[in-house]
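J.: mind folding the following:
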Amino acid sequence: MMNPLDFINLTTISVVLMFIGAIGVIGLVKPLDKILMFSLMEAGFFAAVVSFRYLDVAFIIALIGPISIIVLLLSVIKITEIRQKNLEDS
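T.: The predicted structure is shown next:
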């Protein structure tokens, strides 16, 4: 008889994280919630790359990932400021 805990490994956890993150990005409305879900999806992608032992690619993802999230946050903040300014002008 197969143990149900054998199904839980790094690959399945990373696929579940990517799936939940993708559904969250599609389904949520608020931009900051989308960024959080994108981070969750990115964590799943990072774990999948590590589980397939592409450690050189994982190193680059670990360096570039936080920078991309910061750029995304800055763009969301700027878009929010522009929208508020346009609402005040109208």
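
J.: spit out the contact partners of Val29.
T.: Not one residue lies near Val29 by C-beta atoms under 8 Å, 6 or more residues apart in numbering. All C-beta atoms are positioned from the backbone trio N, CA, C, and that covers glycine.

J.: please report how far it lies from Ile77.
T.: Relative to Ile77, Val29 is positioned 17 Å away (C-beta to C-beta, to the nearest Å).

J.: what residues sit buried inside the helix or strand Phe46 falls within?
T.: Assigned by DSSP states H and E, Phe46 belongs to helix 31-51. Neighbour-count burial for helix 31-51 flags 34-51 (criterion: 16 or more other C-beta atoms under 10 Å).

J.: the next helix-or-strand element following that helix vs helix 31-51, what angle?
T.: Using DSSP H and E, the helix or strand that follows helix 31-51 in sequence is helix 55-89. Orientation check (axes from the mean of the first three to the mean of the last three C-alpha atoms, to 10 degrees): helix 55-89 against helix 31-51 gives 170 degrees.

J.: just the buried residues of helix 55-89, please?
T.: Neighbour-count burial for helix 55-89 flags Ala58, Ile61, Leu72 (criterion: 16+ other C-beta under 10 Å).

J.: do I have it right that the first one meets Ser51?
T.: So the one you mean is Ala58. No - using C-beta atoms under 8 Å, Ala58 is not in contact with Ser51, being 9.6 Å away.

J.: picking that back up, packing partners for the helix holding Phe46?
T.: Contacts defined by 3 or more C-beta pairs under 8 Å, 6 or more residues apart in numbering; DSSP states H and E place helix 31-51 against helix 10-27, helix 55-89.

J.: any idea how far that helix is from the chain center?
T.: 2 Å (C-alpha atoms, centre = their mean, to the nearest Å).

J.: okay, it in PDB with CA atoms only?
T.: Output in PDB follows, covering the C-alpha atoms of helix 31-51 (Å, rounded to 0.1, in the frame of the first residue of the first chain):
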ATOM      1  CA  PRO A  31      -2.800  45.600  -7.700                       C
ATOM      2  CA  LEU A  32      -1.000  44.900  -4.400                       C
ATOM      3  CA  ASP A  33      -2.800  41.600  -4.000                       C
ATOM      4  CA  LYS A  34      -1.700  40.700  -7.500                       C
ATOM      5  CA  ILE A  35       1.900  41.500  -6.600                       C
ATOM      6  CA  LEU A  36       1.700  39.200  -3.600                       C
ATOM      7  CA  MET A  37       0.300  36.400  -5.700                       C
ATOM      8  CA  PHE A  38       3.000  37.000  -8.300                       C
ATOM      9  CA  SER A  39       5.600  36.600  -5.500                       C
ATOM     10  CA  LEU A  40       4.000  33.400  -4.500                       C
ATOM     11  CA  MET A  41       4.100  32.200  -8.100                       C
ATOM     12  CA  GLU A  42       7.800  33.200  -8.400                       C
ATOM     13  CA  ALA A  43       8.600  31.300  -5.200                       C
ATOM     14  CA  GLY A  44       7.000  28.200  -6.700                       C
ATOM     15  CA  PHE A  45       9.000  28.700  -9.900                       C
ATOM     16  CA  PHE A  46      12.200  29.100  -7.900                       C
ATOM     17  CA  ALA A  47      11.400  25.900  -6.000                       C
ATOM     18  CA  ALA A  48      10.700  24.000  -9.200                       C
ATOM     19  CA  VAL A  49      14.000  25.100 -10.700                       C
ATOM     20  CA  VAL A  50      15.900  24.000  -7.600                       C
ATOM     21  CA  SER A  51      14.000  20.700  -7.500                       C
END
